[in-house]
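> Generate a structure from the sequence data that follows.
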Amino acid sequence: MSKGTVLISGLNGYIAAVTAKHFLDNDYKVRGTVRRLASAESLTTGPLMKYAESGALEVVEVPDITVDGAFDEAVKGVTGIAHLATPVAFDFPDGPEPVMKAAIQGTQTILNSALKAGPQLKSFVVLSSIAAVRNLTPPPYTFTEKDWNDFAEPMVMQNGKDTPGFMIYVASKAAAEKAFWAWRDEKKPSFAMSALNPVFVIGPALIPPKSPAEVGGTVKPVFDIFSGNPWPPADAPIVAGLGHIVDVRDVAAQTEYAIAHPKEVDGERYISYASVATAQSIADILRKAFPEAMGRIAEGTPGQGYNKDYTLFDKTKEQDIDGSKGKKLLPGGEYIPHEQSIIDTAKNLAHLV
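Coordinates of the predicted model:
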């Protein structure tokens, strides 16, 4: 018996694909949206083929998520919605305006369609980001779900096209989640609404990248260290990964919990944060797990610069994050162990080394 049908936007994305498999493995039906049907073929003919053939997985095309009514057909009959379609890029040649528009209108559009889904819709989960939480409060400080990014949007408005790409991305995430909650306050829907705010997401992709160029930005530090490339590379962007991390499989599990427990999560934000990774801790873990690769993985200074429990090394000099609330949404109430997450990420990339 199916537990219901969950709509997952952006099915072919890194987090969304893993999340879709999690739902399918746990007896849900999934309707996934993509901009072009062809972009889902690697999933429906690959790791999700048995679900596509059985009818448990349905893929629908939504070419432009900002168009009014874009999701009207896709939402019909669903019991849950996980809005996971979100671009992760730091290069915006056209400036912030189209990015901000897509982030805000894309969220509002699917919410407006959700009102037409029917009374069987019980829960709507949006994938936000820690970028919508962190602000410029100086350390020592620990961010919780009560905190909001209050600097990125004013910076974008002030600097326009001169705004650094990463800051445009941060502003778009903060604006999209604020629009999400403003919509809830105005429309007062019958279905529950909640937000997940993950930090940098690592872990094995459902479809491993076919080339180094396809390696996602948040897992690239693991790939570079595993393959023997210098980290950070000379052309590293302002934000170079590492730091606070969470496993993609934990984000998937948290999404499923939120869909399955609408009354509990309604109106809540949940930070997804498991541990802190440094170049040295990653190198130490990988050198131990893959002794045959010790010749290429830089040794550095083993054991230095990180805590053995992979928490923040010096809370007096850096901002910390509290992920304990999000932990309650996980099976057993614990995040995937740090070492396992790093090792499984490397195994997912080993064919490229």
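> Was I right to think Glu339 contacts Asp284?
No: assessed by CB atoms under 8 Å, Glu339 is found out of contact with Asp284, at 9.6 Å. For the C-beta atoms, the positions are set from N, CA and C on the backbone; glycine is no exception.
> of the two, who's got more company?
Per other CB atoms under 10 Å, whichever of Glu339 and Asp284 has more neighbours is Asp284, with 21 against 16.
> mind listing what the more buried one touches?
Asp284 is in contact with 300, 302-303, counting by CB atoms under 8 Å, 6 or more residues apart in numbering.
> Output the residues you listed as CSV; include the columns secondary structure and pLDDT.
Output for these, formatted as CSV (DSSP: H, G, I helix; E, B strand; the rest coil; pLDDT from 0 to 100):
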residue, secondary structure, pLDDT
Gly300, coil, 93
Pro302, coil, 95
Gly303, coil, 96
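> Of the residues you listed, keep whichever come out buried.
For the contacts of Asp284, a neighbour count by 16 or more other CB atoms under 10 Å gives the buried set as Gly300.
> So which of the contacts of Asp284 is the closest to Val265?
Gly303 (39.5 Å; CB to CB).
> all helices of the stretch 201-350 of the chain, in order?
Along the stretch 201-350 of the chain, counting by DSSP state H, counting those that start in this stretch, helices occupy 220-227, 248-260, 262-265, 279-289, 324-327, 338-349.
> Any regions of the stretch 51-200 of the chain where pLDDT drops low?
Applying pLDDT under 70 to the stretch 51-200 of the chain flags residues 87-90.
> Run through the bridge partners of Ser275.
Ile245 (DSSP bridges).
> Gly243 versus that one, what's the distance?
10 Å (CB to CB, to the nearest Å).
> Neighbour count for those two, which is higher?
Ser275 (24 against 17).
> Enumerate every residue touching the closest residue to Thr301 other than its chain neighbours.
The shortest distance from Thr301 to any non-neighbouring residue, by CB to CB, 6 or more residues apart in numbering, is to Gln280 (6.6 Å). Gln280 makes contact with 300-306, according to CB under 8 Å, 6+ apart.
> want to try a markdown table for the helices of the stretch 201-350 of the chain, with mean pLDDT and distance to Gly165 as columns?
Listed next are the helices of the stretch 201-350 of the chain as a markdown table, based on pLDDT from 0 to 100; distance: least, CB to CB, whole Å:
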| stretch | mean pLDDT | distance to Gly165 |
| --- | --- | --- |
| helix 220-227 | 95 | 16 |
| helix 248-260 | 98 | 23 |
| helix 262-265 | 98 | 32 |
| helix 279-289 | 96 | 23 |
| helix 324-327 | 98 | 28 |
| helix 338-349 | 98 | 25 |
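> still on that earlier bit, and the residue nearest to Thr301, how far is that from Ile297?
Counting by CB to CB - Gln280 and Ile297 are separated by 11 Å.
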